[in-house]
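Novice: Based on what follows, work out the 3D shape:
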Amino acid sequence: MSSLSFPPTRAVGRGAAWYRGDCHVHSAHSDGELAPEELAVRARAAGLDFIATTEHNSAAAPGAWGHLATDDFLIILGEEVTTKTGHWLALGTNPGQVVEWNHQLRDGLIDQCLDQVHRVGGLCVAAHPRAPYPSGDFKFPFRGFDVVEVWNGLWASDRPWNADNEAALAEWGRSLAADIHTGSWRPAMGNSDTHLKGQIGIPHTVVFAEELSTEAVLAGIRAGRSWIAESADVDVSFTANSHGWVAGVGERLATHGGKVEARAAVQGVPMGTVSFHTGRGKVHRVPLPGGGTGEGKWDTTAGDSAFVRIEVRHPSGHVAALTNPIILT
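Specialist: Numbers count the residues shown, from 1 in each chain. Here you go, the predicted model:
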């Protein structure tokens with residue numbers, strides 16, 4: 001295989017780069033067991049550049065988080081809105097802002113609540129849509145939401161993948177072709193849903209942002225310029241090339257009817273596999289070597305594939321990383 005370089009996922013300074021972050025975190029001010037100070041320390045140790053505070057149905061506690069943010073560590077304000085018919089994340093809310101949580105599918109209030117977040121430039125995320133408990137199973141239509149959390153961490157940090165995530169990923173994957181055709185596709189993201197020690201960053205989202213700021217990070221997530229990693233030990237580079245033009249995750253590639261070469265490079269997944277997915281499902285699979293660093297490529301055309309994305313899995317079948325699609329036009 002030919003050489004394919006990795007983008008820097010640990011940024012220095014606040015310029016355009018790939019940043020790692022966990023946007024579903026609970027502290028002792030909600031129902032987590034860790035104070036904000038310890039969460040910030042653990043997030044940095046896990047290789048993260050940003051986290052989002054998402055206490056249940058409440059704003060971040062005044063004075064609890066602001067002093068923990070630095071030039072190279074961003075804290076995004078948010079809330080987990082726990083309704084009777086599904087949970088969702090409001091990311092990028094204003095200080096002290098509380099989004100109404102006492103609504104459900106049948107009362108028709110969801111659009112007003114989503115508008116409340118969108119008016120301040122925030123992002124609305126359908127959280128753990130196939131969680132195995134009544135209020136966690138997401139009943140709202142995805143219309144109006146910006147992102148789907150297809151990968152949510154477990155309360156046992158050594159098991160970062162489970163059947164609920166598999167179902168959420170499959171549902172999102174099946175909808176991509178139709179949603180891309182109508183121009184209304186929703187990017188995927190992954191977060192730890194941290195409540196306990198050892199969970200932060202398992203998994204997390206790696207996003208390309210113009211700078212390490214709330215506005216820039218949310219813009220990258222909204223555009224799908226992101227992929228999901230189980231930990232900072234895993235790195236992925238994924239591009240598509242046609243006639244010398246190159247596009248990355250979340251971007252569009254104009255192919256002018258020509259051949260497209262999709263290329264993936266992976267680090268940190270020994271003996272795993274990288275699989276290429278389109279609207280036809282899984283179309284190609286490449287094994288990774290025992291050293292954990294490997295590459296794979298697959299050729300297609302825009303006529304055959306409206307998009308291409310990848311999944312990286314361990315020998316057990318558990319996901320180690322997955323990307324948002326590159327759209328082929």
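Novice: make it CA atoms for all contacts and neighbour counts henceforth
Specialist: Noted.
Novice: all helices of the chain, in order?
Specialist: Ranges of helices within the chain are 36-45, 110-118, 163-182, 214-223, based on DSSP state H.
Novice: Any idea how many residues pack against Trp185?
Specialist: Neighbourhood size, Trp185 [other Cα atoms under 10 Å]: 21.
Novice: cool, His256 as well?
Specialist: 12.
Novice: got the contact list for the closest residue to it other than its chain neighbours?
Specialist: For His256, ignoring the flanking residues on the chain, the nearest one in space by Cα to Cα, 6 or more residues apart in numbering is Thr329 at 7.7 Å. Residues in contact with Thr329 (Cα atoms under 8 Å, 6 or more residues apart in numbering) are 252-256, 302, 306.
Novice: Buried among those residues? Need that as a selection in ChimeraX.
Specialist: Selection of buried members from those for ChimeraX, criterion 16 or more other Cα atoms under 10 Å:
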select :252,253,254,255,302,306
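Novice: For the contacts of Thr329, give me JSON lines that also has distance to Lys197 and pLDDT.
Specialist: Below are the contacts of Thr329 laid out as JSON lines (distance: Cα to Cα, whole Å; pLDDT from 0 to 100):
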{"residue": "Arg252", "distance to Lys197": "39", "pLDDT": "97"}
{"residue": "Leu253", "distance to Lys197": "42", "pLDDT": "96"}
{"residue": "Ala254", "distance to Lys197": "46", "pLDDT": "94"}
{"residue": "Thr255", "distance to Lys197": "47", "pLDDT": "94"}
{"residue": "His256", "distance to Lys197": "51", "pLDDT": "90"}
{"residue": "Ala302", "distance to Lys197": "45", "pLDDT": "94"}
{"residue": "Ala306", "distance to Lys197": "41", "pLDDT": "95"}
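Novice: Output the contacts of Thr329 in a markdown table; the columns should cover distance to Ile200.
Specialist: Compiled in a markdown table, the contacts of Thr329 are given as follows (distance: Cα to Cα, whole Å):
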| residue | distance to Ile200 |
| --- | --- |
| Arg252 | 32 |
| Leu253 | 35 |
| Ala254 | 38 |
| Thr255 | 40 |
| His256 | 43 |
| Ala302 | 39 |
| Ala306 | 35 |
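Novice: mind listing which of the contacts of Thr329 are in strands?
Specialist: Those of the contacts of Thr329 mapping onto strands are 252-253, per DSSP state E.
Novice: just the contacts of Thr329 now: which is nearest Asn324?
Specialist: The closest of these to Asn324 turns out to be Arg252 (Cα to Cα; 11.8 Å).
Novice: tell me the contacts of the spatially most central residue of the chain?
Specialist: Taking Cα atoms, centre = their mean, the centroid of the chain lies closest to Met189, which sits 1.8 Å from it. Going by Cα under 8 Å, 6+ apart, Met189 touches 147-151, 204-205, 221, 226-228.
Novice: cool, Glu215 as well?
Specialist: Neighbouring residues of Glu215 by Cα under 8 Å, 6+ apart: 92, 121.
Novice: Now with 10 Å, please.
Specialist: Contacts for Glu215 (Cα atoms under 10 Å, 6 or more residues apart in numbering) come out as 76, 92, 121-122, 209.
Novice: Export the residues you listed as JSON lines, with columns for distance to Gly272, neighbour count and pLDDT.
Specialist: Shown next, in JSON lines, are these (distance: Cα to Cα, whole Å; neighbours: other Cα atoms under 10 Å; pLDDT from 0 to 100):
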{"residue": "Ile76", "distance to Gly272": "33", "neighbour count": "25", "pLDDT": "98"}
{"residue": "Gly92", "distance to Gly272": "36", "neighbour count": "25", "pLDDT": "98"}
{"residue": "Gly121", "distance to Gly272": "39", "neighbour count": "17", "pLDDT": "97"}
{"residue": "Gly122", "distance to Gly272": "36", "neighbour count": "25", "pLDDT": "98"}
{"residue": "Ala209", "distance to Gly272": "29", "neighbour count": "23", "pLDDT": "98"}
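Novice: if we can go back for a sec, and the contacts of Met189, which of them are in strands?
Specialist: Those of those mapping onto strands are 147-151, 204-205, 226-228, per DSSP E.
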